[in-house]
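[1] Structure for the following, please:
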Amino acid sequence: MSEHVTTATLKSDLATVMRDAEALMKASADQGGEKMTEARAKIRDSLETARSRLMSAERAALRHGEDAVIATEEYVRRNPWQSVGIAAGVGLVIGVLLARR
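    Numbering: from 1, shown residues only. Below is the predicted model of the structure:
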């Protein structure tokens, strides 16, 4: 799947699922038969699309996380003293911010 998945896309998919679920409830309240079958098929398609996009987003997030870990490890190996200095600076800033509370 080459489609770029965003939060907006996922929200849109979930909204579609909700609309389809409402359509199913309305169709089942009025009558069964053909309308019910159409509504169920629409919901099934919407759920499959949302599930597929969620799985794609999860894979992309894992891939990006792994890339970030690898890049960080390489940077620390190439620049150990800079890494120690950066870590100390970040720790100092966090300590100051926590002490201000």
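
[2] just checking, what packs against the lowest-mean-pLDDT helix or strand in the chain?
    Lowest on mean pLDDT, DSSP states H and E among the helices and strands of the chain sits helix 7-30, with a mean of 73. Contact here means 3 or more CB pairs under 8 Å, 6 or more residues apart in numbering; DSSP states H and E; on that basis helix 7-30 packs against helix 34-78. (Glycine included, C-beta is placed from N, CA and C.)

[3] For the helix it packs on, which helices and strands make contact with it?
    On a contact count with 3+ CB pairs under 8 Å, 6+ apart, helix 34-78 meets helix 7-30.

[4] Okay, buried residues for the helix it packs on please.
    Thr9, Asp13, Thr16, Val17, Asp20, Ala23, Leu24, Ala27 (16 or more other CB atoms under 10 Å).

[5] now it: how far from the chain's centre is it?
    Put simply, helix 7-30 sits 19 Å off its chain's centre (CA atoms, centre = their mean, to the nearest Å).

[6] Not counting its own residues, what contacts it?
    Contacts of helix 7-30 with the rest of the structure, by CB atoms under 8 Å, 6 or more residues apart in numbering, involve 35-36, 38-40, 42-43, 46-47, 49-50, 53-54, 57.

[7] one more time with 10 Å, if that's ok
    3, 5-6, 33-47, 49-54, 56-57 (CB atoms under 10 Å, 6 or more residues apart in numbering).

[8] Buried only: go through these for me.
    Val5, Ala39, Lys42, Ile43, Ser46, Ala50, Arg53, Ser56, Ala57.

[9] which one of the buried residues of helix 7-30 sits closest to Asn79?
    Nearest to Asn79 out of those is Thr9 (CB to CB; 37.9 Å).
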